[in-house]
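> heads up, no residue letters with this:
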């Protein structure tokens, strides 16, 4: 069995279509299908459910696919190790980040880019379940997400900072001179908030619920840029993690004030538990875990 055949199998799982998988692997569709049939014959199991089109994997196929992903990841790790010279790893680090952490991502990538000139990055915006699934399937190297998730027991985590939620607006004159505002005061404002399917919003809703409040936002969006635009241009207010203030445009255009009782969430790195870690990932983790982001984030609020 060749590594190339395992790559065909993983491509088919990703594309869910024989033709697209063959195109991604730069082979003909008959060549890809023949390679997978050869694997089935060698292993003595049926891997793919076949009809007029791709219909998924059999139970045996799912097990073979899991091993294929692991084998390919180990081969890539071996190649990275061979290419690494004098602490200078070469390759592309794949990062998945939840939307509210995107303003912080340049701080992470810059730390690696400055230290490792042969390292590059691919950054994807995903929700927390997608990040965990893609890490488990070796489609991502690192996730940046909340650490208060029971599903993380199968992963390694590296805390980065504790985000604090603040009220942001173009004009916070009614609260001038104050150190904080109450959730009951925030509830009376015309709000633009993230949609209910996002973990950040669920935490905010829980804080309102704890205060016995029910809030109906004027606008809801799953885009941080759209939320920022409505707060900046439409006279609405937002409840956001204070880490977004590292965007210089937001600091210049908007004012932020902490909300009490404080709502905070732990943000950190999530990686698959592997031994040894690939050279590229191990090098990046060494840099990222030493960035001291907590102090930088708290400085945004003058803490």
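That came in fine, so what should we check first? Being a predicted model, the structure only gives us computed values, none of them experimental.

> select the longest strand from this protein.
Under DSSP state E, the strand in the chain containing the largest number of residues is strand 155-169.

> following that strand, which helix or strand comes up?
Where DSSP states H and E defines the elements, the next helix or strand beyond strand 155-169 is strand 181-182.

> show me what that next one is packed up against.
strand 255-260 (3 or more C-beta pairs under 8 Å, 6 or more residues apart in numbering; DSSP states H and E). Bear in mind the C-beta positions are built from the backbone N, C-alpha and C, glycine included.

> and the strand it packs on, what's buried?
255, 256, 257, 258, 259 (16 or more other C-beta atoms under 10 Å).

> likewise stretch 62-72?
In stretch 62-72, counting by 16+ other C-beta under 10 Å, buried: 64, 65, 68, 69, 71, 72.

> next: stretch 220-238.
Neighbour counts over stretch 220-238 (16+ other C-beta under 10 Å) mark 220, 221, 224, 227, 228, 230, 231, 232, 236, 237, 238 as buried.

> where's the nearest residue to residue 204 once chain neighbours are set aside relative to residue 79, distance?
Using C-beta to C-beta, 6 or more residues apart in numbering and skipping the chain neighbours, the partner closest in space to residue 204 is residue 239 (5.3 Å). Distance, residue 239 to residue 79, using C-beta to C-beta, to the nearest Å: 45 Å.

> ok, these two, which is more surrounded?
Ranked by neighbour count (other C-beta atoms under 10 Å), residue 239 and residue 79 place residue 239 first, with 26 against 15.

> need phi/psi at that one.
phi -110, psi 110 (degrees, to the nearest 10).

> so it touches residue 259, yeah?
Yes: counting by C-beta atoms under 8 Å, residue 239 does reach residue 259; the two are 7.0 Å apart.

> overlap in contacts, these two.
Here residue 239 and residue 259 have 165, 166, 167, 186 as joint contacts, going by C-beta atoms under 8 Å, 6 or more residues apart in numbering.

> of these, grab the buried ones for PyMOL.
Applying 16+ other C-beta under 10 Å to those, the buried members can be selected in PyMOL as follows:
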select buried, resi 165+166+167+186
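
> what's around residue 60, how many residues?
Number of residues near residue 60 (other C-beta under 10 Å) recorded here: 14.

> going forward, count from 388.
Got it, first residue is 388 now, which makes that one residue 447.

> hang on, it packs against residue 435?
No: with contact defined as C-beta under 8 Å, residue 447 does not reach residue 435; the gap is 10.1 Å.

> walking through the stretch 488-637 of the chain, point out its strands one by one.
Along the stretch 488-637 of the chain, the segments classed as strands by DSSP state E, counting those that start in this stretch run 506-512, 529-533, 542-556, 568-569, 579-581, 606-608, 625-628.

> would you convert the ones you listed into TSV that also reports distance to residue 681 and mean pLDDT?
Formatted as TSV, the strands of the stretch 488-637 of the chain follow (distance: least, C-beta to C-beta, whole Å; pLDDT from 0 to 100):
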stretch	distance to residue 681	mean pLDDT
strand 506-512	22	94
strand 529-533	15	95
strand 542-556	4	94
strand 568-569	23	96
strand 579-581	23	95
strand 606-608	28	96
strand 625-628	13	93
